[in-house]
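Colleague: Provide a 3D model corresponding to the input given below.
(one chain, ligands or ions: 3)
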Amino acid sequence: MHPRDQTIFALSSGRPPSAIALVRVSGSQAGKIVTALAGKLPSPRMATRALLGNVGQRPIDDAVVLWFPGPASATGEDVAEFHVHGGRAVLAALFAALSEFEDVRPAEPGEFTRRAFENGKLDLTEAEGLDDLIHADTDRQRRQALRQLKGLLGDRARDWRARIIEASALIEAGIDFSDEGDVPAELIAPALAKVKALLVEIEEVLAGQGRSERLRDGLVVAIAGPPNVGKSTLMNQLARREVAIVSPHAGTTRDVIEVQLDLDGYPVTVIDTAGIRETDDPVEQEGVRRARARAADADLVLWLADSLQAAFDHDGPAPIWRVRNKIDLEAARPLAEAGAPGLRSFEISASRGDGVPELIAALVDFAQRYFGGTEGGLISRTRQRKLLEETATSLRRSVAVVRQGEELAAEELRLAARSLGRLLGRVDVEDILDVIFREFCVGK
Ligand SMILES: Nc1nc2c(ncn2[C@@H]2O[C@H](COP(=O)(O)OP(=O)(O)OP(=O)(O)O)[C@@H](O)[C@H]2O)c(=O)[nH]1
Ligand SMILES: [K+]
Ligand SMILES: [Mg+2]
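Modeller: Ligands and ions are numbered 1, 2, ... in the order given. Below is the predicted model:
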């Protein structure tokens, strides 16, 4: 039997042990399995208590069983859910019992969702939204993922595709007329008007791009600077826990240390790095190399120093904020000495916390601008953006080439419709499906 036709099962809830675990089964054998293990087929969609076990064997667990006959199920196939006690031995016994059935096997990551997609339960953008929702860490990420899951991008894409097909039909009709030597202008003009209107809408969505993709990936802030200036101390302040070792010895931090923060709903990764200096210690040299590399890739660098004299030793496209630490040590602070021109500067005491709230407020502000007004963002992945860009390019070309021949314009419209079809997962997507669904969790 082809793997696609086999019945699959997986633990869909979190890591055992847990109070309750949910095991899902999907495929043609699901009904037979429930009947065998629960003694009878429960009424559809009704939680039913049952002592699970194969006939003649010791019971596995006292469970709640649900039966969802296809196609009105999550995957479109027959689906069964076993809500068992979430112990490892219980799950091992249940999995062993499930594996005894012929053509029943553990699911691959994302395989339930993939079947749902293949059975038309959701389009590809919705499947991507589902994956994002599962992985959302902050509230803003959750809201964006939910918009995707609700199919907002998919709905727009379906509407655009339908309108492209309408415009094509007009042009095709024009082509037929022109065979008879007629003037096709009355057909071409409204077709072009449709295409131009569409283009405006797609370009609008594209203009909001980037921001939502950023929201999915998060903002990376690197703390860098010379040794011993208090980078790890600041890291711990921002993380509000002791993630990095602090010590009076220069060269304490060698590896890059990361924490994920939720700054006002924005996902921010802060990285603490090794103090940048010349050193003979090969381990520290590697730490310095990594520190430079990570700071160069960051979206914002906090360059920490403990005096205004400390020179910069950083190169990269990201904005740099100069943070002067250990102000508590300065008896009389020099008055507003000029830092490097054009650089934002802060004065803090990382160990005492002075100035840290102001720094955090500035970070939130930066995050707000960095992510922009993501509330309306529809695109959350490079795949989606690329296909929409392709669509827009084809539409633009169709307008440009129409004078050279309606056939050329019609061909561009076909390409545009095809790009949208790929966005929705309708056309030749086998290769990308593997990539997308592999990233999902097992049991989803
Ligand atoms: N007085 C004072 N001491 C601080 C402050 N921040 C950090 N320190 C001290 O400075 C020393 C170095 O702090 P770390 O956080 O380890 O410095 P670092 O920049 O991470 O050092 P490396 O990882 O070795 O590069 C420690 O003894 C800290 O307690 C501060 O604001 N005021
Ligand atoms: K140190
Ligand atoms: Mg350190």
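
Colleague: Tell me where the stretch 301-444 of the chain has strands.
Modeller: Using DSSP state E, counting those that start in this stretch, the strands found in the stretch 301-444 of the chain span residues 320-324, 344-347.

Colleague: Pick the most buried one from the ones you listed.
Modeller: Among the strands of the stretch 301-444 of the chain, the stretch with the highest mean neighbour count (mean count of other Cβ atoms under 10 Å) is strand 320-324, at a mean of 22. Any C-beta I mention is one placed from the backbone N, CA and C, and that applies to glycine too.

Colleague: which intervals of the chain have sub-threshold pLDDT?
Modeller: Within the chain, the segments meeting pLDDT under 70 span 176-184, 209-212, 307-312, 331-342, 373-376, 427-433, 435-436.

Colleague: ok so, going back, can you convert the strands of the stretch 301-444 of the chain into TSV and add a column each for distance to T7?
Modeller: Converted to TSV, the strands of the stretch 301-444 of the chain look like this (distance: least, Cβ to Cβ, whole Å):
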stretch	distance to T7
strand 320-324	56
strand 344-347	59
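
Colleague: and ligand 3, which of the ones you listed is closest to it?
Modeller: Closest approach to ligand 3 among the strands of the stretch 301-444 of the chain (Cβ to the ion): strand 320-324, 14.1 Å.

Colleague: Show me what residue of the stretch 51-200 of the chain gets nearest to ligand 1.
Modeller: Proximity to ligand 1, evaluated over the stretch 51-200 of the chain using Cβ to the nearest ligand atom, is greatest for D137 at 25.8 Å.

Colleague: one step back: could you export the strands of the stretch 301-444 of the chain to JSON lines, including columns for distance to ligand 1?
Modeller: Output for these, formatted as JSON lines (distance: least, Cβ to the nearest ligand atom, whole Å):
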{"stretch": "strand 320-324", "distance to ligand 1": "10"}
{"stretch": "strand 344-347", "distance to ligand 1": "10"}
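
Colleague: closest one to G151 among those?
Modeller: Nearest to G151, of all these, is strand 320-324, at 40.2 Å by Cβ to Cβ.

Colleague: Now I202. Nearest residue, chain neighbours left out?
Modeller: A392 (5.0 Å; Cβ to Cβ, 6 or more residues apart in numbering).

Colleague: Show me what from the protein comes close to ligand 1.
Modeller: Neighbours of ligand 1 within the chain, by Cβ under 6 Å from any ligand atom: 227-233, 246-248, 250-253, 274-275, 325-326, 328-329, 349-351.

Colleague: Any of those residues buried? List them.
Modeller: 227-233, 246, 251-253, 274-275, 325-326, 349-351 (16 or more other Cβ atoms under 10 Å).

Colleague: near ligand 3, which of these show up?
Modeller: Counting by Cβ under 5 Å from the ion, K231, S232, T252, T253 from these sit close to ligand 3.

Colleague: Next up, phi/psi of the third one, please.
Modeller: When read as degrees, to the nearest 10, the backbone of T252 gives phi -70, psi -50.

Colleague: how about the nearest residue to it once chain neighbours are set aside, what does it touch?
Modeller: Spatial nearest neighbour of T252, excluding adjacent residues (Cβ to Cβ, 6+ apart): I245 at 5.6 Å. For I245, the contacting residues are S232, T252, T253, by Cβ atoms under 8 Å, 6 or more residues apart in numbering.

Colleague: how about 10 Å then?
Modeller: By Cβ atoms under 10 Å, 6 or more residues apart in numbering, the residues touching I245 are S232, N236, T252, T253, R254, I257, D272.

Colleague: In strands only, show me those residues.
Modeller: Among the contacts of I245, DSSP state E puts I257, D272 in strands.

Colleague: Provide a list of residues in contact with D306.
Modeller: Applying Cβ under 10 Å, 6+ apart, the residues near D306 are 225-226, 228-230, 323-327, 329-330, 350.

Colleague: whoops, I mixed them up, L170
Modeller: 184, 186-195, 406, 410, 413.

Colleague: which one of the contacts of D306 sits closest to D159?
Modeller: When those are compared for distance to D159 (Cβ to Cβ), V323 wins out at 48.8 Å.

Colleague: Pull out the buried residues from stretch 134-145.
Modeller: A136, T138, R140, Q141, Q144, A145.

Colleague: Can you check the distance spanned by that stretch, start to finish?
Modeller: Length of stretch 134-145, first residue to last, Cα to Cα, to the nearest Å: 9 Å.

Colleague: And for it, what's in contact with it?
Modeller: With Cβ under 10 Å, 6+ apart, stretch 134-145 has contacts from 113, 128-133, 146, 211-213, 215-218, 260-268, 367, 371, 374-375, 377-378, 380, 439-441, 444.

Colleague: thinking again about what came up before, between the contacts of I245, which sits nearest L37?
Modeller: Within the contacts of I245, the smallest distance to L37 is 47.7 Å, found for I257 (Cβ to Cβ).

Colleague: could you list every residue that touches that closest one?
Modeller: Contacts for I257 (Cβ under 10 Å, 6+ apart) come out as 223, 231-232, 235-236, 239, 243-245, 270-274.

Colleague: which among these end up buried?
Modeller: Buried members of the contacts of I257, scored by 16+ other Cβ under 10 Å, are I223, K231, S232, M235, N236, A239, A244, V270, I271, D272, T273, A274.

Colleague: Show me which pair in these is furthest apart.
Modeller: Taking Cβ to Cβ as the measure, those span a maximum distance of 17.6 Å, between A239 and A274.

Colleague: circling back: the contacts of I245: which two are farthest apart?
Modeller: N236 and R254 (16.6 Å).

Colleague: Spatially, which two of the buried residues of stretch 134-145 are the most separated?
Modeller: Of all the pairs that those form, the one spanning the most space (Cβ to Cβ) is T138 and A145, at 10.6 Å.

Colleague: on that earlier part again, ok, so of the contacts of I245, who is nearest ligand 2?
Modeller: Proximity of those to ligand 2 (Cβ to the ion) peaks at T252, which lies at 3.6 Å.

Colleague: Now do whichever helix or strand V195 is part of: which elements does it pack against?
Modeller: Here V195, judged by DSSP states H and E, is contained in helix 185-207. Here helix 185-207 touches helix 152-179, helix 382-401, helix 406-424, going by 3 or more Cβ pairs under 10 Å, 6 or more residues apart in numbering; DSSP states H and E.

Colleague: Of those helices, which stretch is the most buried?
Modeller: Taking mean count of other Cβ under 10 Å, helix 406-424 is the most buried of those, at a mean of 21.

Colleague: beta partners of R24?
Modeller: Bridge pairing for R24 (DSSP bridges) gives the partners A10, E81.

Colleague: What residues does it make contact with?
Modeller: Going by Cβ under 10 Å, 6+ apart, R24 touches 8-13, 30, 66, 68, 74-75, 79-82, 107, 112, 443-444.

Colleague: Generate a PyMOL selection restricted to the buried subset of those.
Modeller: Buried members of these, defined by 16+ other Cβ under 10 Å, are picked up in PyMOL with:
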select buried, resi 8+9+10+11+12+13+30+66+68+74+75+79+80+81+82+107+112+443+444
